[in-house]
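**Student:** Below: sequence and its predicted model.
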Amino acid sequence: MSRRYWIFPVFILVVLIFTSGISLAATELVYRIPIRGEINPGMASFVNQGISEAEDDGADLIIFEIDTYGGLVDSGIKVRDSIFQAGPETVTYVASRAWSAGALIALAGEKMAILEGGSIGAAETRPNEEKYISALRKEFRATAEERGRDPLIAEAMVDSDISIEGVTREGKLVTLTAREAVTHNIANFSTKSWEGLLKELDLTGARVVEVKPTPLEKMAGIVTSPTVSGILLTVGFLALISEALMPGFGIGGTVGLLVLGVFFAGHMIYGLASWGL
């Protein structure tokens, strides 16, 4: 076969490869980081790792999918700070509820979407003392101001002494429905589904990568929760004390070492503890 018969197929192949490369390059990369369940140190570490992975992969956008009743304030603040420091554009998506520390996290996104039927707010401090209320109230206000949201409503999610006409009266914390969140400049828009969210963001054809915790990370998330951590430490030390009061080495010492081993292993998985070397 003469050379001229090869020119056209080769030309078509080059065009296909070139256009395919353009198409792939034009597809936006979206990272989906779930924030579900209790907000604790393990969750804060998981979110931070997810953001680092998205940055390393050159993501165009990170969507934080939130469904939580809250958790530890300091862990919520760490997640908020991680979102503020993220390189790609950020969107927080309240997929059901964003209460307490979850509300602070939701406010941190450059854009916020909320599922129709969802809610946000109810950030009462524990203990409910003025020192803690004042600090968290200003944290909510600063976050709202940074993202162009209503700072007074954000404060009212924490402080029941704040009264806002048409929103809340004194003695009641603010919790907003999806419609109220949009009306009062807390959320940018509401949506009926994840697919609706992508459509609203003009990302229907985007490549979505969901960050999922490994089985070990799931275990670590349970271990690092305040309740489970407290139980493990209590059982571990009581077992070791009972072993110290009895001659020889038996069940108490074994149980104590195993329980404390689980406690520290969970914290080490998320980088919350180390060997100290």
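**Tutor:** Arrived safely.
**Student:** what about the residue nearest to residue 172 when sequence neighbours are not counted, is that helix, strand or coil?
**Tutor:** Counting by CB to CB, 6 or more residues apart in numbering, the nearest residue to residue 172 once its immediate chain neighbours are dropped is residue 160, at 5.9 Å. Using the backbone N, CA and C atoms, a C-beta is placed for each residue, glycine as well. At residue 160 the chain is in coil, as set by DSSP: H, G, I helix; E, B strand; the rest coil.
**Student:** Make sure residue 160 is actually in contact with residue 173.
**Tutor:** Yes - with contact defined as CB atoms under 8 Å, residue 160 and residue 173 form a contacting pair (5.0 Å).
**Student:** and for the two, which residues touch both?
**Tutor:** Common contacts of residue 160 and residue 173 (CB atoms under 8 Å, 6 or more residues apart in numbering): residue 124.
**Student:** All the strands of the protein, residue numbers only.
**Tutor:** Using DSSP state E, the strands found in the chain span residues 29-36, 61-68, 89-99, 111-115, 119-121, 175-177, 189-191, 207-210.
**Student:** which residues does the residue nearest to residue 172 contact?
**Tutor:** Contacts of residue 160 (CB under 8 Å, 6+ apart): 124, 170, 171, 172, 173.
**Student:** Beta-bridge partners for the residue nearest the centre of the chain, please?
**Tutor:** Centroid check for the chain by CA atoms, centre = their mean gives residue 35 as the closest residue, at 3.7 Å. Going by DSSP bridges, residue 35 is paired in beta bridges with residue 66.
**Student:** ok so, going back, list phi and psi for the residue nearest to residue 172.
**Tutor:** phi -80, psi -10 (degrees, to the nearest 10).
**Student:** Give me the distance between residue 200 and residue 89.
**Tutor:** 14 Å (CB to CB, to the nearest Å).
**Student:** Repeat that for residue 140.
**Tutor:** According to CB to CB, residue 140 stands 22 Å off from residue 89.
**Student:** Name the residue in these two with the higher neighbour count.
**Tutor:** Ranked by neighbour count (other CB atoms under 10 Å), residue 140 and residue 89 place residue 140 first, with 24 against 15.
**Student:** quick one: that one and residue 123 touch, right?
**Tutor:** Yes - the pair residue 140 and residue 123 passes the contact test of CB under 8 Å, sitting 6.8 Å apart.
**Student:** where do the contact lists of those two overlap?
**Tutor:** Residues touching both residue 140 and residue 123 by CB under 8 Å, 6+ apart: 103, 104, 157, 158.
**Student:** Looking at those, which is nearest residue 76?
**Tutor:** residue 104 (5.0 Å; CB to CB).
**Student:** Where does the prediction get shaky in the stretch 101-250 of the chain?
**Tutor:** Where the stretch 101-250 of the chain drops to pLDDT under 70, the residues are 215-226, 236-237, 243, 247-250.
**Student:** what about the helices in it?
**Tutor:** For the stretch 101-250 of the chain, the helices defined by DSSP state H, counting those that start in this stretch occupy 101-107, 130-146, 151-156, 178-183, 194-200, 215-223, 226-244.
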